[in-house]
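Visitor: Sequence and predicted structure, then a few things I'm wondering about:
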Protein chains: 2
Amino acid sequence: MTNPVIVEVTRGGRVESRHRGSAIVVDADGKTLLSFGDVDTPVFPRSAAKAMQALPLVESGAADACGFGNRELALACASHSGEREHADLAAKMLAAVGRGETALECGCQWPMDQNATIALAKSGADPSQLHNNCSGKHAGFVCAACHLGIDHAGYINYDHPIQGMIRDVMTDLTGAHFGVDNCGTDGCSIPTYAIPLTALAGGFAKMTSGKGLEPQRATAAKRLVEACMAEPYYVAGTKRTCTRLMKTLPGRIFAKTGAEGVFCAVLPEEGISIAVKCEDGTQRAADATVAALIARYLDTDADTRAALMAQANRTLKNWNGIEVGTIRIVENQDLR
Amino acid sequence: MTNPVIVEVTRGGRVESRHRGSAIVVDADGKTLLSFGDVDTPVFPRSAAKAMQALPLVESGAADACGFGNRELALACASHSGEREHADLAAKMLAAVGRGETALECGCQWPMDQNATIALAKSGADPSQLHNNCSGKHAGFVCAACHLGIDHAGYINYDHPIQGMIRDVMTDLTGAHFGVDNCGTDGCSIPTYAIPLTALAGGFAKMTSGKGLEPQRATAAKRLVEACMAEPYYVAGTKRTCTRLMKTLPGRIFAKTGAEGVFCAVLPEEGISIAVKCEDGTQRAADATVAALIARYLDTDADTRAALMAQANRTLKNWNGIEVGTIRIVENQDLR
């Protein structure tokens, strides 16, 4: 199947670039409400699945034992920008189990946010693993392992008990297969498993509705989604799409991006779950598409819908601040 | 026409993302040797046309009057990384006509190269317009205007004489139309005109062969292409694709990228000109495609060809330096 063009980038009134992709929207029962493009061929959810990967932290009791509130849980689900608040909170999470930055195995990264990189460089400091966009997730893994009395060393490996727990949780949520045969290595070195977009959206539907989940898991899932919605800055950062979308209507939108053009979102009150994959892996197209789908399915007023559509269809400015073009949603003819 | 998939990005042995695009290869007479995808619909060449835009600097006699050598001419054709050497040379070019950074109208930009940004921030300095990736091109415009006794103020505007000269040059080279109706604004605020890839490749064929050009223009064109090949660091920068490609076989490859997935290359000895546009505007796909096309048409030994193909098909590593996937050329079935 050739995926439809979902987003166009214009300049001088012409289409300069175009992005193809696929998406699925399901209701609380996992029933498909809208779908376009190839939603069946497995794709790597990458960081869009972080809220699922954070479930063992909560279910194990580690989060409570560490005294974690919404901010820490949001950071455990985050691809954060490496701003000072993010790095500091990741360090605080590790300190709760008597560990430090060296316990992390995500690798060192200059902050994803350029302003944070400049601020860090100006301070004379070098980046650490705490600045890696996944440090909160990894801190959560270390905390869960420590609480369970498991040696956290090697927690990034397929055979480590933490990764086994994540496979169990994700199998339960998505019904998909998680094995060595559909396993790749993520940017932060943990396993990522290729699953269909249908399964990914269905997994978020279960996380949101709790339907078919054991009560403890349903409660933990609800708590994580609510923590992210309560502390959107800790899920991403300044000017980031996840943060902006969740701030549009606080408590009504959960949104989490993943590398290579994946984006998932949940509207808990409407019982709606969304999964998007831009074929070419481009962030800007996934951002626009998920914003438009949220605008379509969120039960809200015209102003809020307009605010969401302003994140889907936006103006591009150049170095002088001159408007040079747009990113816009293509009205899709290929819905089924 | 649906553009074919030209580049795939893999992870864990699976295709994670794919890029579509179009490309054309022409000989010294502009005759098509290979073409795939849509090469007829106009696209914005963006910075891939900078060597054409630098012709008035040379033809006007400004470059000689300023005492510019290969480095300055290369920088006039550059999308440089904003490294210290680039910013310093742009300042030196402006000083040759008694002007400074404030004469530039490209806008301020932190260096495109992250390491250069970090070095600049650590030094406590802030970026200036000299760090804008187009500062060398703009310095060239200012020098040409000063030499010709034209007020350089507003040189970025469609109606300024410098932009008129560029339109005349590009019309002569490409045979395409350059008007307000196919004009957009580039990242650095100068006009960019949508023209077919066929015309863009044909323009480089003329620049290289000199066929059909007045002797003065042919000489100037040859000089610019040779300057870039002699000083590839000044055309881009550390680890950049243009620089790496030109360093592969010094003096035999000219390569110039443009924003939104455009890439042009010339093999002067073979009389080959190449123009590529990745449909989704992604740099990584354009980089890979142009490297593969150069490898195919360059008359060279197996080692050099392998070095070029290693730039087309390459391994992706994560923050821990672990190999997680590849970028690879798709064997194209859609050649015509």
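Guide: Here it is on my side, so go on.

Visitor: what does stretch A:205-218 rub up against?
Guide: A:26-30, A:51-52, A:55, A:59, A:169, A:172-174, A:219, A:221-222, A:224-225, A:254, A:266, A:268, A:271, A:273 (Cβ atoms under 8 Å, 6 or more residues apart in numbering or on different chains). The C-beta positions use only the backbone N, C-alpha and C, and glycine is treated the same way.

Visitor: Buried among those residues? Make that a PyMOL selection.
Guide: Filtering those down to the buried ones (16 or more other Cβ atoms under 10 Å in any protein chain shown) takes a single PyMOL command:
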select buried, chain A and resi 26+27+28+30+51+52+55+59+169+172+173+174+221+222+224+225+254+266+268+271+273
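
Visitor: So which of the contacts of stretch A:205-218 belong to helices?
Guide: Within the contacts of stretch A:205-218, membership in helices is found for A:51-52, A:55, A:59, A:169, A:172-174, A:219, A:221-222, A:224-225, as judged by DSSP state H.

Visitor: Using CSV, please lay out those residues together with distance to B:Trp110 and pLDDT.
Guide: What follows is these, written out as CSV (distance: Cβ to Cβ, whole Å; pLDDT from 0 to 100):
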residue, distance to B:Trp110, pLDDT
A:Ala51, 33, 98
A:Met52, 36, 98
A:Leu55, 39, 98
A:Glu59, 43, 98
A:Val169, 41, 98
A:Asp172, 45, 98
A:Leu173, 41, 98
A:Thr174, 41, 98
A:Thr219, 45, 98
A:Ala221, 40, 98
A:Lys222, 41, 98
A:Leu224, 35, 98
A:Val225, 36, 98
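
Visitor: same question for stretch A:32-46, mean pLDDT?
Guide: Regarding stretch A:32-46, the rounded mean pLDDT is 97.

Visitor: That one vs chain B: in contact?
Guide: Yes - contact check for stretch A:32-46 against chain B, using Cβ under 8 Å from any Cβ of the partner chain: residues in range are A:Pro42, A:Val43, A:Phe44.

Visitor: ok, the last one to B:Ala201 distance?
Guide: According to Cβ to Cβ, to the nearest Å, A:Phe44 stands 36 Å off from B:Ala201.

Visitor: give me the number of residues near A:Ser123?
Guide: Residue crowding around A:Ser123 was assessed by other Cβ atoms under 10 Å in any protein chain shown; the count is 11.

Visitor: Report the contact partners of the spatially most central residue of chain A.
Guide: Per Cα atoms, centre = their mean, the C-alpha nearest to the average position across chain A is that of A:Lys256, at 2.7 Å. Residues in contact with A:Lys256 (Cβ under 8 Å, 6+ apart) are A:Ser47, A:Ala48, A:Lys50, A:Ala51, A:Cys77, A:Ser79, A:Cys228, A:Val235, A:Cys242, A:Phe263, A:Cys264, A:Ala265.

Visitor: returning to that earlier point: would you format the ones in helices among the contacts of stretch A:205-218 as a markdown table with distance to B:Tyr193 included?
Guide: Putting those into a markdown table (distance: Cβ to Cβ, whole Å) gives the following:
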| residue | distance to B:Tyr193 |
| --- | --- |
| A:Ala51 | 47 |
| A:Met52 | 48 |
| A:Leu55 | 54 |
| A:Glu59 | 59 |
| A:Val169 | 54 |
| A:Asp172 | 56 |
| A:Leu173 | 51 |
| A:Thr174 | 49 |
| A:Thr219 | 60 |
| A:Ala221 | 53 |
| A:Lys222 | 55 |
| A:Leu224 | 51 |
| A:Val225 | 49 |
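
Visitor: which pair in those residues spans the largest distance?
Guide: Considering Cβ to Cβ, no two members of the ones in helices among the contacts of stretch A:205-218 lie farther apart than A:Thr174 and A:Thr219, which are separated by 19.0 Å.
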